[in-house]
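**Q** Structure for this input, please:
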Amino acid sequence: MEMPIVNECVATDCAYNQHQACHALAITVGEPTHPRCDTFTTAASPGGDPGAVGHVGACKMSDCEHNVNLECQAPGITVGYQENIVDCLTYAPA
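**A** Below you'll find the model as predicted:
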């Protein structure tokens, strides 16, 4: 299985975000009731690998239509703000 890519991340204050692209090797999405990007963090210096494209390593949103056995099956996702929380905007309840 190929890990889905993070097509776009508009959480520009995240340490892994550079030019609206995620550079964490793999992110985790979700808690039992909310599709948060659990990898979101702020830091004084950039994080991740600037030559890498972020991927979804795990998704805890078992009720998402893209989720099979806690693995995301979407070809790619978008991460951004839902109110003041950084979420997977591709999340869709099954």
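
**Q** Quick check: phi and psi at the spatially closest residue to G76 that is not a sequence neighbour.
**A** In space, and not counting its chain neighbours, G76 is closest to N7: 4.1 Å by C-beta to C-beta, 6 or more residues apart in numbering. (Glycine included, C-beta is placed from N, CA and C.) Phi and psi for N7, reported as degrees, to the nearest 10, are phi -60, psi -40.

**Q** And the pLDDT for N7?
**A** Per-residue confidence (pLDDT) for N7: 97.

**Q** how close does it sit to S45?
**A** The gap separating N7 from S45 is 25 Å, by C-beta to C-beta, to the nearest Å.

**Q** So which of those two has more stuff around it?
**A** N7 (17 against 5; other C-beta atoms under 10 Å).

**Q** check contacts around that one.
**A** 76-78 (C-beta atoms under 8 Å, 6 or more residues apart in numbering).

**Q** What subset of those is buried?
**A** I77 (16 or more other C-beta atoms under 10 Å).

**Q** now the contacts of N7 as CSV including pLDDT, secondary structure and distance to Q20?
**A** Converted to CSV, the contacts of N7 look like this (pLDDT from 0 to 100; DSSP: H, G, I helix; E, B strand; the rest coil; distance: C-beta to C-beta, whole Å):
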residue, pLDDT, secondary structure, distance to Q20
G76, 97, strand, 14
I77, 98, strand, 14
T78, 98, strand, 10
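
**Q** Go through the contacts of N7 and name the one nearest T28.
**A** Lowest distance from T28 to the contacts of N7 (C-beta to C-beta) belongs to I77, with 12.1 Å.

**Q** quick one: contacts for that closest one?
**A** 4-7, 29, 56, 88-90.

**Q** Repeat the analysis, applying 10 Å as the threshold.
**A** 4-9, 22, 27, 29, 35, 37, 54-56, 59, 66, 88-91 (C-beta atoms under 10 Å, 6 or more residues apart in numbering).
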